[in-house]
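**Student:** Give me the fold of what follows.
(chains A and B)
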Amino acid sequence: MADVNITVDGKKVTAPAGTLLIEACKSVGIEVPSFCYYPNLSLQGACRMCLVKVEKMPKLQTACTTVISEGMIAITNNDEVRQARKSMVELLLGNHPLDCPVCDAGGECELQDMTFSYGAAESKFMEAKNHKDEQQWSPVVYFDRPRCILCYRCVRVCGEAMDVWALGVQNRGVVSVIAPNKEDHLECEECGMCIDICPVGALTSGAYRYKTRPWEMNHVGTICTHCGDGCKTTLGVRRSDSGMQIVRGDNRDKSGINGDFLCIKGRYAFDFADDPQRVTTPLIRRDGQLAPSTWEEAFELIGKRFAEIRDKEGGRAIGVVGSNRTTNEENYLLSKFARVVLKTNSIDHRRTADFPAFAAAMVGKPHAAATMRDVFNAPAILVIGNNPTEQHPLLAWQIRNNVRLHRARLYVINSRPIKLRRQATSFTEIPQGTEGQAAAFLGGDDSAAEALGSGSREMWVGLRDKLRGEGKLIIIFDSAIRGKDISALVKFGSAVSGAKFVCLGDYSNSRGAADMGLYPDFLPGYRPIADASTFKDEWGDMPTAPGLNVSQMAEAAAAGTLKGFYVVGSNPVGGLGLDPFAFSNTFVVVQDMFLTETAQMADVVLPSANAYEKAGTFTNTCGDIQLVKKAGEVSDVKSDFEMIVRIADATGFEVRKLVPFGGRGTSADMGQSRGAQSGEADRHVVWLEAHGLEPKMSPFDPMAILDEIQRLVPGYDVSRMNLLAGNDQHTTTVGTGQGGVQDAKLIAPANDNLFTSGTLGRYSRALNSVIENRNPEPAEEVAAD
Amino acid sequence: MPILKDIAAIAKGMSITFREMFAPTVVENYPDGPGPLKGAKVEPRYRGVHVLQRDENGLEKCVACFLCAAACPSNCIFIEAAENTNELRVSGAERYAKVYNIDYNRCIFCGYCVEACPTDAITHGHGFQNASFNASNLIYRKEQLLAAVPAHLGANAIFNRADVEGGAAAVPVPGS
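**Tutor:** I've put the predicted structure just below:
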């Protein structure tokens, strides 16, 4: 759009036509205060805080609704404007209780800030304030009516941006009040966006209420440990008896790929960390019972038994299962540990998408994998299968708001009437389980249309032609599309100019686990075992025959040929339905937070730290790699990284060959690089990196392995500086050309909804309280559409 | 006569001595004096060991806003907040201090906390006898800092209204 020149407070400003005056002012650093204005939401003009003087206009104008025009001269800071702001704050405070000392927003309240900056020292109002009792709208949302200043941000974010429409305004004029959709309670997605966006303390979080104050916490921006979207959540931590306790999750740091968004899991489901059922001492089975033990004894026993089995029966007698929720460094280390220390290729994890087939299909198209940010900007999106609203809330947010703000065209092909159909240009229903045929049809196999139900052949051909005509289409699919269907889809995409792809995996680091080679037949970077030369040079000797996958491991255990079973942060018995009795003669070691079904049958259980209690990197389902920072801390647990290294040490392996630590650079820890205070370590690392000093003095330093990952895993050579500074970096998908097709039966999608999250969800009080209070009726059907 | 001069000088000096001997003493008889302060006299605005005040209903004034802890230059105040319920009402507002510790190893008695307090809950008392052989004894808990329940509340203590209305016997709320 053409540029328009205006003058604000004597400064020349040039901005595209159609820009709002408030945004134009912001672009040159002139602050115009406002409450109701929020970027990317509809305009409200309710709070009157942004009044400015515009020349040749008789009255003060609201900068948030005034579009700039050529030659406009605006004044934001004369006596008239200042007086208007003073009066507005005075009116807002007319019935606003002065209970800042007990209000949760105290210290991070926009009304407080505005009163300090623009308000009058005293009020002319003598009237008694109209008090109303606080209301609880849901287990996690409380509403304090007198504090509300009626900016309608919550109503708009819930309706427009979330497409939930759970909040509305009752009455008119001075008796207006924000009200939930179901008389006295909310039936919604419980995302808590209304709490986040509330400029005052009217909407408060049930999980955090009255616990502490914002300045009493440390705020650590880290990556959510739940679904595969990789939202940044800011965790508020404070000291507790056993380390650092997480008391709040929110979206204070809006620098993540999620922008303004955060769902219920990222916001409230951090509380599994202090569940009383958490294991906090190593347990060793004695006389059939798991009994508390010491770390030294546990490591010694594990090291001895694993070395014994390996030397006597060979590495093939040991199976390893990795996790979708451990960091890239831990996954890579585990992959290396299994092959180099245990001499086995029998390593697997719960596969939630066919990433090897995806990588193979992407050979020669390194930039055809879409980022999460791309989804917000693409002109057209095709979603086959999946229900992003439930399973990938951020992806759904990106799609929804792309449609709302950029008029993107959304094509949905699904077996259920998923909520995103409301944004869709075209919604095509197909019979359950035929997503693969739909992909095959798009890829050019016309006969596949037979299976696609009632839609006529012409309709399908028309849809395909329409999609081919779209430029820069983003094609999103999940585990329903596997193997050759993925290559068919990618083949179809290559007919569309600039098409990009997203393959949806379900857990926070599912993509990372796949990229780091937790496969019996692939090394990190989807390099086939047979083609191990690079890794052999680096890692040393390792077995060359493909190992066993999870179900083969269970069969081998039942047959008595699997003598050792090492499970890191996974629950194959509960999650994949393995028979626990198959492992009765196997030496089973489990690293987990809780006594899961798998841990209960173990011979040794090692208590592990969760993703909020350690540092590392996560790769989200789009391939965006981000830094995970340590926030909480619980004494007596160890990170999986440390435990793997300690076990390797106990088997008699030279640890330096596993983790390349020490050597060049400084020779002291400087006392800070392992700082107990969260965040400090990471800031320090940034400083060290900037000065080329990174010491990596410790064998438990994930950064030492990150070096190796960046060197050896194709696509991971992203900017280290940007990564450590907390920015998302896109890993390019560099297939080696031999990805190969996996056994599709091994893929077990998580099928989590908005309120469940595997083992972690089971132990989250916040998620459980929401599930218990939930009307079985789905929220979508009661929304006001 | 120099010797007379010397005698006069001594007599002059001793006269002051003898006069002061019979004058009332200005030295405080601490710690052998009477009363709980053992003879010490304290100015009204003396900044001694803190007292956490109660309101006219005997409820704690502290609402756990953490402003004292934020104002404290020596970082000696530790608070844990909790929410009042109908069953346990401790303070007049929604929130109360479940834990309120002052570390007198660190406190410098500057009075910033008193100045910061929006509810006049924390004040300086006149206590000064807090020397100890054990540093851990110098971390005072809320129970040690709280003012006594006003005497007139013996008969009018706060009861759990909901319970009393429901027919239960009137039992004073703990802490009141």
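**Student:** how close does the residue of chain A found nearest chain B sit to B:L145?
**Tutor:** Residue nearest to chain B within chain A (CB to the nearest CB): A:P101, separated by 3.3 Å. C-beta here means a position set from N, CA and C on the backbone, and glycine is covered the same way. To B:L145, A:P101 is 18 Å away according to CB to CB, to the nearest Å.
**Student:** A:L606 too?
**Tutor:** Distance from A:L606 to B:L145, by CB to CB: 44 Å.
**Student:** the more surrounded of the two?
**Tutor:** Each of A:L606 and B:L145 has its neighbours counted (other CB atoms under 10 Å in any protein chain shown); A:L606 has more, 28 against 19.
**Student:** Geometric centre of the chain: which residue is closest?
**Tutor:** This is for chain A. Nearest residue to the geometric centre of chain A (CA atoms, centre = their mean): A:G230, 2.7 Å.
**Student:** Sorry, I should have been clearer: chain B.
**Tutor:** B:G125 (2.9 Å).
**Student:** Helix, strand, or coil at that one?
**Tutor:** The assignment at B:G125 comes out as strand when based on DSSP: H, G, I helix; E, B strand; the rest coil.
**Student:** residue contacts, it?
**Tutor:** Neighbouring residues of B:G125 by CB atoms under 8 Å, 6 or more residues apart in numbering or on different chains: B:G48, B:V49, B:H50, B:V51.
**Student:** can you list the residues you listed in JSON lines and add neighbour count and distance to A:V659?
**Tutor:** Converted to JSON lines, the contacts of B:G125 look like this (neighbours: other CB atoms under 10 Å in any protein chain shown; distance: CB to CB, whole Å):
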{"residue": "B:G48", "neighbour count": "15", "distance to A:V659": "57"}
{"residue": "B:V49", "neighbour count": "18", "distance to A:V659": "53"}
{"residue": "B:H50", "neighbour count": "25", "distance to A:V659": "51"}
{"residue": "B:V51", "neighbour count": "18", "distance to A:V659": "56"}
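**Student:** Now tabulate the residues you listed in JSON lines and tack on secondary structure and distance to A:T281.
**Tutor:** Output for the contacts of B:G125, formatted as JSON lines (DSSP: H, G, I helix; E, B strand; the rest coil; distance: CB to CB, whole Å):
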{"residue": "B:G48", "secondary structure": "coil", "distance to A:T281": "46"}
{"residue": "B:V49", "secondary structure": "strand", "distance to A:T281": "41"}
{"residue": "B:H50", "secondary structure": "strand", "distance to A:T281": "40"}
{"residue": "B:V51", "secondary structure": "strand", "distance to A:T281": "43"}
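**Student:** Could you dump those into TSV with pLDDT and distance to B:G111 added?
**Tutor:** As requested, the contacts of B:G125 are exported to TSV (pLDDT from 0 to 100; distance: CB to CB, whole Å):
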residue	pLDDT	distance to B:G111
B:G48	93	11
B:V49	94	12
B:H50	96	10
B:V51	95	13
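**Student:** from the residues you listed, which is closest to A:V81?
**Tutor:** A:V81 lies nearest to B:H50 out of the contacts of B:G125, by CB to CB, at 45.4 Å.
**Student:** so the closest one touches B:C113, yeah?
**Tutor:** Yes: B:H50 lies in contact with B:C113 (CB atoms under 8 Å); the separation is 7.3 Å.
**Student:** got any residues that touch both of the two?
**Tutor:** B:I122.
**Student:** And the closest residue in space to A:V220 that isn't next to it in sequence, its phi and psi?
**Tutor:** Spatial nearest neighbour of A:V220, chain neighbours left out: A:A631 (4.0 Å); criterion: CB to CB, 6 or more residues apart in numbering or on different chains. Note on A:A631: its backbone torsions stand at phi -120, psi -70 [degrees, to the nearest 10].
**Student:** what number of residues lie near A:A631?
**Tutor:** So A:A631, with other CB under 10 Å, has 29 neighbours.
**Student:** A:L21 against A:V67, yeah?
**Tutor:** Yes: using CB under 8 Å, A:L21 makes contact with A:V67 at a distance of 7.3 Å.
**Student:** between these two, who's got more neighbours?
**Tutor:** A:L21 (27 against 13).
**Student:** how near is that one to A:S87?
**Tutor:** For A:L21, the distance to A:S87 - CB to CB - is 20 Å.
**Student:** list the contacts for A:W460?
**Tutor:** Counting by CB under 8 Å, 6+ apart, A:W460 touches A:F441, A:A449, A:L452.
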